[in-house]
Structures are given as structure tokens and as C-alpha cells.
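Peer 1: Model the structure of this input:
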Amino acid sequence: MAFNVADLFEHAVDAVPERTAIHCGDRQVTYRELDERANRLAHHLATRGVGQGDHVGVYSRNSIEAIEAMYAAFKLRAIPVSVNYRYVADEVRYIAGNADLVALIHERRYSDIVADVAPHIETLEHVIVIQDGSDLDYTRYADFEYEAALAAQSSMRDFDERSSDDSYILYTGGTTGYPKGVVWRHEDIWRALGGGIQHATGEYITDEYHYADQAKATDFVMIWLPATPMIHAAQWTAFMALNSGGTVVLVPQFDPAAIWLAVERHGVHLLQIAGDAMARPLLDTYLAGDHDASSLITLSSGAALFSQSLKLRYLDTFPNLIITDNIGSSESGLTGIGQVTKGSDHSDGPRVNFSKQAVLIDDDGNLVEPEPGAVGRLARGGPVPLGYYKDPEKSRAMFVEIDGQRYVVPGDYVRYEQDGTVTMLGRGSECINTGGEKVFPEEVEGALKSHPDIFDTVVIGIPDDRFGWSVAAVVQPREGATVDVAELGDHVRTKIAGYKVPRTFWILDQIERQPSGKANYPWAKKYAAANPEKARKRSTAPSGGLPGAAG
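Peer 2: Numbers count the residues shown, from 1 in each chain. Predicted coordinates:
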């Protein structure tokens, strides 16, 4: 029995071959068509020497071809490496070189970037170009055009037997530095992120035909729209849908109006996003237009902060919507799911139900007893990655052994709550120590975003003569709004303790985020250091009772 990404998809193909697998713009493919096209591409890659363990880059917006390319690699027991379509040349060069790509499949619109990058990647031997309506010159370096490559090959599914132990690589979003390639076994990543565990019970799925059999047994088809780039959560949202006989709706890149149009046109049931960076413009666009979202059942967020104030605005707008916060990372998979309801108070941070495999450890590496109020670093056991690709030092720091059990420790601090849930406090590497008190940026960001004039924000620590570090914020106001930092500080102080309230602000028209949509803390720190003259200070006074408090 093989819990392999390609096998799981093929089981669904055999169960519901004529069901629509993907809608993208005016195109659609059935499960059978998607499988046959992936087979053709796999045969083409095989003729170019691509085989087990080879790395194939996929540099594309969300598209049918992107999913075909990933499945084609899996079918050969090769490893697809998804390259964020928002990356610039230096970032693409880093990923291609670090991943040792032997082949690259990319949309034509990225030809100038690939022409710059390809000569510097010694391992890269084969490039395939997907036509996308653009007219950039790819003849400088590319071997084949995508459809021509497929047309010349067989659609037969005649590949060697695959294994649960086949390798899979997911590159991190690079929040705190260059992305790192996280190496998983197929079975482990499926269990940690792709539906191989019943999250309500923590029990493993033991039958590789489980989801395919369910798909065949029902006429109901779940419609899924992953709105984030096909590199992290969106990739596995699509795989989960396709393993279970669902239909995936793709919008090439994030466009709120296009997403609402797709929701209405295809009757989308589940919309997957990445926190406030997507949720806020989506809601603004919905409220400003005339959109039918009556089919929508679930809004699922992950990979970035989804502030409580914005969740409640969604519930006001869509009172019957189920809103979930999915907590996890490229290294850990899914570690918790939280559901937001009217009247719930998660002002300290997202509150979720822990997965069965998740625990907390203290700073000395010991397990923390699950008692209300106890704080520790999140760790996850069970199916975990093998390590980082070509980086044993960082692998040793991230993956630890406690009492004979191997754990991944992503760095998030978490608090146990009275009701059995846990509150996510924030990434320890970005924690601000101000006068001996720890402040987690995500908590402060959530409080700032509860103000009606704030569109986006990134919270950082800056050097302070008195407290060592003080809390500061780079803030993007809503269009047309004017920010009064004193009034903003007073508002935030009603949400969090005084010592957590930013004392210094930078007001910008546009905040720069990571290509993955996550907070770009290195950029914010660099901007603050380079622009001290643009800082706005609010008057502060001791808040009392805390040695590091400045309110």
C-alpha cells in the first residue's frame, strides 16, 4: 500500500473520471483529461532523462498547467519544486540553485527572468514554456513549448511502482531569511497537511482508497478555491480536493474582483486565503460591489495573521459562514484549527484546538504540562519532515528528540487555555523584549488592525536606551484615512496591556509583504533603521506595576 501523492490522485481519477477536476478562467478539465495530460508531460520529461529524485521547477501562476506539472513529476517519482510567481530574479535564482533543478516549467511571462537565471544554474538542462498570451522571447534558452511537448507523447499511465517513502520538498515562505527546502516523505506530508489524519480524532487514515471510495459513493461535489499562490497551503488545498473527487477553481493570481466572480460563477463552497493581507481587500471588494456568495460555506485562512476584528466583520457580513484559522508551517504541517463564532474573544491571538500530535516544550527542551496559563514553544511529533535540503545545521536546530520522540519546533509560542484550546502568541524569533517583558508582534498587529483606519501593519522592536527594546509599528492606513498616533495608541491600549502598545510609528502608503503574503519583518526593520526622521512618536507615561511598562 502506497500513500503517494500521485497514487492518491490516480485513485480519484479511476473513481470519477468524467467529473470536472479544475476550472480556470474559460477552461476546464475532467479528472481523466487532467490525468492524461500529466501522463504526457511525465513521458516527455522522462525522454529528457528526468527520473526518481530529480527536481523539477514549476514557476507559474495558479493554473491547470501548474497542477499538471506537479503531478507529472510525482508520477516519475521526481520532486516538483514550486517557485512563487511573485519572486523576482534574485529569488528565483536562489531557489533554482539551492534546489538543484534539472528541469524548469514556466509561464512565458517570466521569460526575461528565466533568461537571466538559467545560465547560472549548472544543473538545469531542460526548460519548457507554457504559453500565456504574452510575447516575451524564450527561444534564447528554452527547449520546448508546453503543448507541443504534450502532443508528442503517450497519454498512457504506464509508470513504475511508487512508494510512500518517495521524497517531497516544500520551500518555506522565507519570513526570516531565504526560503529553505523542507524534505518530507510522501506519506508523512499527506498525514501532516493533506488529509491523511482525521483531525477531529487524530486517527490515521489506513486505506489509500478511502477518499476515492467516498467520492464515488456520493453525487455531491465540493468546490474549492485556493486563492493563495500554489506554493504552500494552496497546493495542498488543491491536492485534498482532487484526492476526494472535488472540483478546484483557480484564479491565476490574487484579484479580489476575479475571485468573487469565480465564487459566483462556479458556486464555490470553500475559499482558502492567507490572513488579513487577502481577507481585507476581499471584504472591501465584496461590500463595494454586487456579488453573489450564497454558495460559500467555509472561509479557511492559514499561513498569516487573520485578525479577530476582521473575522468578526466577516461574520457580520456572512452570518452563516464558517471561518477557520489553520495553524501550521512548511516544517510542521497542520498543528491546530480554530473556528470563529460571534462573541468569541481571541484578542490575545488566534485560539485553536491542538492537533493530537502537538505539544509545548519549554526553553530547556522539556515537555510543558497542559495546564491553563502555561506557555511554551509549539512542537509537533508524529509525521515530521526528514529535515532541510542541504542544511544539516538548521535541521538539527529545528528537529529535536525528547524522550525518544522526534519533534519539529517551528518557534511559535503558545499558551494553554482553561477550555482546552491554545492561544497562538507569535514567533519567538520576532519576540520583543522590552524592559524584561515579552511582546509578540502578531498580538500587537491584531490590536492595531482592530482600528477602523488601519489597513495593514507590521510590528517590530527598535533599540531603546531605557528598555533595551521598544515596540514600534509600520502602519498602512485605509485609503483616505489620516492616522493620529496618539488616538491610535489609546485605542490599542483598550485591547492589550500598556507595555505592548507601540511608542513609535511609521506611516506608509504601502507595506511590503513577503511574496507568500506573510509579514516581512526584515524589510520593516530595515525601513525603520533607514528612516528615523519619518518616525512619529506618541507621548508615553508609565502604566504601573510592570518593570518594563511604558504606556
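
Peer 1: How far off centre is the longest helix seen in the chain?
Peer 2: Assignment by DSSP state H gives helix 31-47 as the longest helix of the chain. Relative to its chain's centre, helix 31-47 lies at 27 Å (C-alpha atoms, centre = their mean, to the nearest Å).

Peer 1: repeat for stretch 96-111
Peer 2: 21 Å.

Peer 1: Kindly report the same for stretch 369-381.
Peer 2: Stretch 369-381 sits 23 Å away from the centroid of its parent chain (C-alpha atoms, centre = their mean).

Peer 1: cool, stretch 250-270 as well?
Peer 2: Computed by C-alpha atoms, centre = their mean, the chain-centroid distance of stretch 250-270 equals 18 Å.

Peer 1: Please apply the same query to stretch 14-28.
Peer 2: 24 Å.

Peer 1: So for that stretch, what gets flagged as buried?
Peer 2: Applying a neighbour-count criterion of 16 or more other C-beta atoms under 10 Å, one finds 15-16, 19-24, 28 buried in stretch 14-28. Yep, even glycine has a C-beta here, placed from its N, CA and C like the rest.

Peer 1: Grab the two from the residues you listed that are most spread out in space.
Peer 2: Spanning the widest gap among the buried residues of stretch 14-28 are Ala15 and Cys24, at 22.3 Å by C-beta to C-beta.

Peer 1: quick one: secondary structure of the closest residue to Pro502 other than its chain neighbours?
Peer 2: Using C-beta to C-beta, 6 or more residues apart in numbering and skipping residues adjacent in sequence, the residue nearest Pro502 is Ala473, 4.1 Å away. The three-state label given to Ala473 by DSSP: H, G, I helix; E, B strand; the rest coil is strand.

Peer 1: got the contact list for Ala473?
Peer 2: Ala473 sits next to 444-445, 448, 457-460, 502, 504-506 when contact means C-beta atoms under 8 Å, 6 or more residues apart in numbering.

Peer 1: now these as CSV including neighbour count?
Peer 2: CSV is the format used below for the contacts of Ala473 (neighbours: other C-beta atoms under 10 Å):
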residue, neighbour count
Val444, 25
Glu445, 24
Leu448, 26
Thr457, 29
Val458, 28
Val459, 27
Ile460, 27
Pro502, 28
Thr504, 20
Phe505, 22
Trp506, 22
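
Peer 1: So which of the residues you listed is the closest to Glu107?
Peer 2: The closest of those, once distances to Glu107 are taken by C-beta to C-beta, is Val458, at 30.0 Å.

Peer 1: how deep is the residue nearest to the closest one when sequence neighbours are not counted tucked in, by neighbour count?
Peer 2: Leaving aside its sequence neighbours, Val458 sits nearest to Ala524 (C-beta to C-beta, 6+ apart; 4.3 Å). Number of residues near Ala524 (other C-beta atoms under 10 Å) recorded here: 23.

Peer 1: how far away is Ala524 from Pro179?
Peer 2: Distance from Ala524 to Pro179, counting by C-beta to C-beta, to the nearest Å: 19 Å.

Peer 1: Same question for Gln153.
Peer 2: Gln153 is 32 Å from Pro179, by C-beta to C-beta.

Peer 1: repeat for Asp135
Peer 2: Asp135 sits 30 Å away from Pro179, going by C-beta to C-beta.

Peer 1: In terms of packing, which of the two has more residues around it?
Peer 2: Taking neighbours as other C-beta under 10 Å, Asp135 and Pro179 compare with Pro179 leading, 24 against 10.

Peer 1: Enumerate every residue touching the nearest residue to that one once chain neighbours are set aside.
Peer 2: Spatial nearest neighbour of Pro179, chain neighbours left out: Tyr171 (4.3 Å); criterion: C-beta to C-beta, 6+ apart. For Tyr171, the contact set (C-beta under 8 Å, 6+ apart) comprises 81-82, 95, 99, 179-182, 231, 330.

Peer 1: Report the buried members of those residues.
Peer 2: Taking 16+ other C-beta under 10 Å as the criterion, what is buried in those is 81-82, 95, 99, 179-182, 231, 330.

Peer 1: Which of the residues you listed sits closest to His291?
Peer 2: Comparing those against His291 with C-beta to C-beta picks out Ile231 as the nearest, at 26.9 Å.

Peer 1: Below-threshold pLDDT in the stretch 51-200 of the chain: ranges please.
Peer 2: Counting by pLDDT under 70, the stretch 51-200 of the chain contains low-confidence ranges at 173-177, 199-200.

Peer 1: Can you list the strands that the helix or strand that contains Ser470 pairs with?
Peer 2: Using DSSP states H and E, Ser470 sits in strand 468-477. Applying DSSP bridges, strand 468-477 is found paired with strand 454-464 (antiparallel), strand 504-507 (parallel).

Peer 1: Could you chop this structure up by domain?
Peer 2: 1-188, 431-537 (automatic domain parsing).

Peer 1: Those domains into TSV, with extra columns for distance to Arg415?
Peer 2: Output for those, formatted as TSV (distance: least, C-beta to C-beta, whole Å):
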stretch	distance to Arg415
domain 1-188	21
domain 431-537	10
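
Peer 1: Out of those, which is closest to Asp276?
Peer 2: Taking C-beta to C-beta, domain 431-537 is the member of the domains of the chain nearest to Asp276, at 6.1 Å.

Peer 1: Might you list the low-confidence residue ranges for the protein?
Peer 2: Ranges of the chain meeting pLDDT under 70: 1, 173-177, 199-200, 341-349, 516, 539-551.

Peer 1: ok so, going back, I'd like to know which of the buried ones among the contacts of Tyr171 is nearest to Gly51.
Peer 2: Nearest to Gly51 among the buried ones among the contacts of Tyr171: Val81, at 15.5 Å, using C-beta to C-beta.

Peer 1: Confirm that the closest one sits in a strand.
Peer 2: Yes: Val81: assigned to a strand according to three-state DSSP.

Peer 1: which one is it nearest to, not counting chain neighbours?
Peer 2: Distance criterion C-beta to C-beta, 6+ apart; nearest residue to Val81, sequence neighbours excluded, is Ala99 at 4.7 Å.

Peer 1: quick one: contacts for Gln198?
Peer 2: 204-205.

Peer 1: what are the bridge partners for it, then?
Peer 2: With DSSP bridges as the criterion, Gln198 is bridged to Glu203.

Peer 1: Next one: it from Leu242, what distance?
Peer 2: Taking C-beta to C-beta, one finds Gln198 at 19 Å from Leu242.

Peer 1: Could you do Arg27 as well?
Peer 2: Counting by C-beta to C-beta, the gap from Arg27 to Leu242 is 16 Å.

Peer 1: Equivalent analysis for Met398, please.
Peer 2: Look at Met398 and Leu242: by C-beta to C-beta, they are 30 Å apart.

Peer 1: quick one, which of these two is more surrounded?
Peer 2: Using other C-beta under 10 Å as the criterion, Met398 and Leu242 rank with Leu242 on top: 26 against 21.

Peer 1: From what I see, the more buried one and Ala12 are in contact.
Peer 2: Yes: using C-beta atoms under 8 Å, Leu242 makes contact with Ala12 at a distance of 6.0 Å.
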